[in-house]
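A.B. asks: Sequence first, predicted coordinates after that:
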Amino acid sequence: MNNTIDTVKAIYTGTGRRKSSIARVKLIPGSGKLVINGLPGESYLQFSPNYIRITYGPLYTLGLKTEYDILVNTRGGGLTGQADAIRLGIARALCCINPENRIALKADGHLTRDPRVKERRKYGLRKARKAPQFSKR
């Protein structure tokens, strides 16, 4: 019998939401890899520097860019909503790691959920506020 002891790595989780996107984030101590829905993070975010910057925002704030591997399962919405949802999920997971992180993350606005969602369509209108063309006669 082998008496090998596997070192159990701690897994920290956080959930982020934005518009209609939901991201479930897991932080695992590692080398700084980002995996989103089974794909490398940069390719999933289409190598957009803006989306990558948004996603890594909380880690840059705390200087932990290469400390944790990030596994993300995200669905709904588009890339903008998903990137912001991932950012919120990472920030919440970092608060689970160390409550001291909350102060810096809150100061940079990473823990605030953006409440803006699409407005519903009203009857008699074409969209939420766009009215049909007015005809005087």
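C.D. replies: Good, I have the coordinates.
A.B. asks: make it CA atoms for all contacts and neighbour counts henceforth
C.D. replies: Fine.
A.B. asks: Tell me, how many residues neighbour G124?
C.D. replies: 11 (other CA atoms under 10 Å).
A.B. asks: nearest residue to it other than its sequence neighbours?
C.D. replies: Closest residue in space to G124, ignoring its immediate chain neighbours: A131 at 7.5 Å, by CA to CA, 6 or more residues apart in numbering.
A.B. asks: same deal with A23?
C.D. replies: In space, and not counting its chain neighbours, A23 is closest to T74: 4.2 Å by CA to CA, 6+ apart.
A.B. asks: Let's verify that neighbour: helix, strand, or coil?
C.D. replies: strand (DSSP: H, G, I helix; E, B strand; the rest coil).
A.B. asks: residues in contact with it?
C.D. replies: Under the criterion of CA atoms under 8 Å, 6 or more residues apart in numbering, the neighbours of T74 are 21-24, 36-37, 82, 86.
A.B. asks: Please repeat the previous calculation with a cut-off of 10 Å.
C.D. replies: For T74, the contact set (CA atoms under 10 Å, 6 or more residues apart in numbering) comprises 15-17, 21-25, 36-37, 82-83, 85-86.
A.B. asks: same deal with N101?
C.D. replies: 58, 61-62, 91-92, 94-95.
A.B. asks: what about it, distance to S135?
C.D. replies: Using CA to CA, to the nearest Å, we find N101 at a distance of 59 Å from S135.
A.B. asks: Quick one: end-to-end distance for stretch 54-68.
C.D. replies: End-to-end distance of stretch 54-68: 17 Å, with CA to CA as the criterion.
A.B. asks: gap between that stretch and the chain center?
C.D. replies: 12 Å (CA atoms, centre = their mean, to the nearest Å).
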